[in-house]
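Novice: Output the structure for:
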Amino acid sequence: MGRRDRNNRRNNRQKSPWASARPEPKPAPRPRFNPETQADIAARESAIREFKARQVVCPICEKPIEDMASAICDKASGKPAHFDCVLKKLSESETLAPNQSVAYIGQGRFAVISRENPSDTRHFKIEKTIEWEDKNNPLEWRGEMAELYSKVK
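Specialist: Below is the predicted model:
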(Lines give C-alpha, C1' and ligand atoms only; values in the text may rest on other atoms or scores of the structure.)
Protein backbone atom coordinates (compact mmCIF):
# COMPACT_ATOMS: atom_id res chain seq x y z
CA MET A 1 0.00 0.00 0.00
CA GLY A 2 1.43 3.28 -1.07
CA ARG A 3 1.37 6.65 0.45
CA ARG A 4 -1.40 7.87 -1.85
CA ASP A 5 -3.71 4.99 -0.84
CA ARG A 6 -3.18 5.70 2.83
CA ASN A 7 -4.05 9.39 2.40
CA ASN A 8 -7.19 8.52 0.45
CA ARG A 9 -8.36 6.19 3.19
CA ARG A 10 -7.85 8.88 5.85
CA ASN A 11 -9.78 11.44 3.83
CA ASN A 12 -12.67 9.06 3.11
CA ARG A 13 -13.23 8.01 6.72
CA GLN A 14 -16.52 9.02 8.17
CA LYS A 15 -16.30 11.58 10.86
CA SER A 16 -17.98 11.11 14.18
CA PRO A 17 -21.65 12.20 14.15
CA TRP A 18 -20.99 14.25 17.31
CA ALA A 19 -18.23 16.30 15.74
CA SER A 20 -20.58 18.29 13.53
CA ALA A 21 -23.31 18.50 16.21
CA ARG A 22 -21.10 20.48 18.60
CA PRO A 23 -20.59 24.08 17.60
CA GLU A 24 -17.17 25.59 17.93
CA PRO A 25 -16.84 27.54 21.18
CA LYS A 26 -16.99 31.28 20.58
CA PRO A 27 -14.50 33.52 22.30
CA ALA A 28 -15.87 35.56 25.17
CA PRO A 29 -17.07 38.98 24.03
CA ARG A 30 -14.68 41.81 24.83
CA PRO A 31 -16.02 44.46 27.16
CA ARG A 32 -17.09 47.56 25.30
CA PHE A 33 -16.39 51.07 26.42
CA ASN A 34 -17.57 54.38 25.17
CA PRO A 35 -14.59 56.11 23.61
CA GLU A 36 -14.38 59.86 23.93
CA THR A 37 -15.44 61.81 20.90
CA GLN A 38 -13.26 64.53 19.42
CA ALA A 39 -15.66 67.11 20.84
CA ASP A 40 -15.27 65.65 24.36
CA ILE A 41 -11.48 65.71 24.07
CA ALA A 42 -11.48 69.30 22.77
CA ALA A 43 -13.82 70.43 25.58
CA ARG A 44 -11.65 68.82 28.26
CA GLU A 45 -8.45 70.30 26.79
CA SER A 46 -10.10 73.72 26.69
CA ALA A 47 -11.13 73.38 30.36
CA ILE A 48 -7.56 72.37 31.30
CA ARG A 49 -6.14 75.39 29.45
CA GLU A 50 -8.64 77.67 31.24
CA PHE A 51 -7.75 76.10 34.61
CA LYS A 52 -4.02 76.62 33.97
CA ALA A 53 -4.59 80.21 32.81
CA ARG A 54 -6.10 81.23 36.15
CA GLN A 55 -3.72 83.28 38.22
CA VAL A 56 -3.72 81.71 41.70
CA VAL A 57 -1.68 83.62 44.28
CA CYS A 58 -0.12 82.00 47.34
CA PRO A 59 -1.56 83.64 50.50
CA ILE A 60 1.76 83.23 52.34
CA CYS A 61 4.32 84.71 49.89
CA GLU A 62 1.82 86.44 47.57
CA LYS A 63 3.50 85.07 44.43
CA PRO A 64 1.66 83.14 41.69
CA ILE A 65 1.44 79.37 41.96
CA GLU A 66 2.78 77.84 38.75
CA ASP A 67 2.26 74.16 39.61
CA MET A 68 -1.16 73.59 41.17
CA ALA A 69 -0.51 69.84 41.46
CA SER A 70 2.11 70.47 44.15
CA ALA A 71 0.04 73.10 46.00
CA ILE A 72 -1.28 72.45 49.50
CA CYS A 73 -4.11 74.15 51.35
CA ASP A 74 -3.31 77.15 53.53
CA LYS A 75 -4.72 76.40 56.96
CA ALA A 76 -5.82 79.98 57.67
CA SER A 77 -7.53 80.86 54.38
CA GLY A 78 -8.30 77.46 52.81
CA LYS A 79 -6.76 78.65 49.54
CA PRO A 80 -3.95 76.88 47.67
CA ALA A 81 -0.43 77.74 48.80
CA HIS A 82 3.07 76.77 47.75
CA PHE A 83 4.15 73.55 49.44
CA ASP A 84 7.54 75.09 50.26
CA CYS A 85 5.90 78.16 51.84
CA VAL A 86 3.83 75.97 54.15
CA LEU A 87 6.88 73.87 55.04
CA LYS A 88 8.90 77.02 55.80
CA LYS A 89 6.04 78.49 57.87
CA LEU A 90 5.81 75.30 59.94
CA SER A 91 9.58 75.11 60.41
CA GLU A 92 9.59 78.68 61.74
CA SER A 93 6.57 78.21 64.03
CA GLU A 94 7.81 74.98 65.66
CA THR A 95 10.62 75.02 68.19
CA LEU A 96 13.11 72.54 66.79
CA ALA A 97 16.17 70.97 68.38
CA PRO A 98 19.37 70.85 66.27
CA ASN A 99 18.68 67.26 65.14
CA GLN A 100 14.98 67.91 64.34
CA SER A 101 13.20 69.05 61.19
CA VAL A 102 9.69 69.26 59.73
CA ALA A 103 8.72 66.78 57.01
CA TYR A 104 5.58 65.97 55.04
CA ILE A 105 4.28 62.49 55.86
CA GLY A 106 1.28 62.38 53.51
CA GLN A 107 -2.50 62.85 53.61
CA GLY A 108 -2.17 66.54 54.48
CA ARG A 109 -0.02 65.88 57.56
CA PHE A 110 3.40 67.10 58.57
CA ALA A 111 5.61 65.81 61.35
CA VAL A 112 8.48 66.97 63.48
CA ILE A 113 11.11 64.29 63.00
CA SER A 114 14.42 63.70 64.72
CA ARG A 115 17.49 61.92 63.46
CA GLU A 116 20.36 60.57 65.54
CA ASN A 117 22.65 60.84 62.54
CA PRO A 118 21.71 63.82 60.29
CA SER A 119 23.39 62.28 57.24
CA ASP A 120 21.29 59.09 57.56
CA THR A 121 17.93 60.04 56.02
CA ARG A 122 16.47 56.52 56.28
CA HIS A 123 16.33 56.33 60.07
CA PHE A 124 14.23 58.86 61.94
CA LYS A 125 11.71 59.13 64.74
CA ILE A 126 8.40 61.05 64.54
CA GLU A 127 8.24 63.32 67.57
CA LYS A 128 5.03 65.20 66.76
CA THR A 129 2.32 64.94 64.06
CA ILE A 130 0.76 68.13 62.68
CA GLU A 131 -2.65 67.79 61.00
CA TRP A 132 -2.54 70.48 58.32
CA GLU A 133 -5.39 69.69 55.92
CA ASP A 134 -8.78 68.49 57.15
CA LYS A 135 -9.34 65.12 55.47
CA ASN A 136 -13.10 65.30 56.15
CA ASN A 137 -13.43 68.55 54.21
CA PRO A 138 -12.54 68.01 50.51
CA LEU A 139 -11.03 71.03 48.80
CA GLU A 140 -12.98 72.42 45.85
CA TRP A 141 -9.92 73.47 43.81
CA ARG A 142 -8.28 70.06 44.22
CA GLY A 143 -11.48 68.23 43.19
CA GLU A 144 -11.81 70.41 40.10
CA MET A 145 -8.22 69.71 39.12
CA ALA A 146 -8.61 65.96 39.66
CA GLU A 147 -11.79 65.90 37.58
CA LEU A 148 -10.11 67.69 34.67
CA TYR A 149 -7.05 65.45 34.56
CA SER A 150 -8.69 62.12 35.38
CA LYS A 151 -8.61 59.53 32.60
CA VAL A 152 -11.30 57.42 34.29
CA LYS A 153 -14.82 58.81 34.06
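
Novice: so where do the strands sit in the chain?
Specialist: 72-73, 80-81, 100-106, 109-114, 125-131 (DSSP state E).

Novice: among the ones you listed, which is nearest residue 66?
Specialist: Judged by CB to CB, the one of the strands of the chain that comes nearest to residue 66 is strand 80-81, at 11.5 Å. Every residue, glycine included, has its C-beta placed from N, CA and C.

Novice: and residue 144, how many residues sit next to it?
Specialist: 13 (other CB atoms under 10 Å).

Novice: which secondary structure elements does the helix with the most length in the chain contact?
Specialist: What stands out as the longest helix in the chain, according to DSSP state H, is helix 38-53. Secondary-structure packing of helix 38-53 (3 or more CB pairs under 8 Å, 6 or more residues apart in numbering; DSSP states H and E): helix 140-149.

Novice: wait, isn't residue 74 in contact with residue 90?
Specialist: No. In this structure, residue 74 is not within contact of residue 90 by CB atoms under 8 Å, at 11.7 Å.

Novice: so where's the protein uncertain?
Specialist: The model of the chain has pLDDT under 70 over residues 1-23, 31-35, 51-53, 145-146, 148-153.

Novice: need the contact list for residue 112.
Specialist: 94, 96, 100, 101, 102, 126, 127, 128, 130 (CB atoms under 8 Å, 6 or more residues apart in numbering).

Novice: Could you list everything it pairs with in the sheet?
Specialist: residue 102, residue 128 (DSSP bridges).
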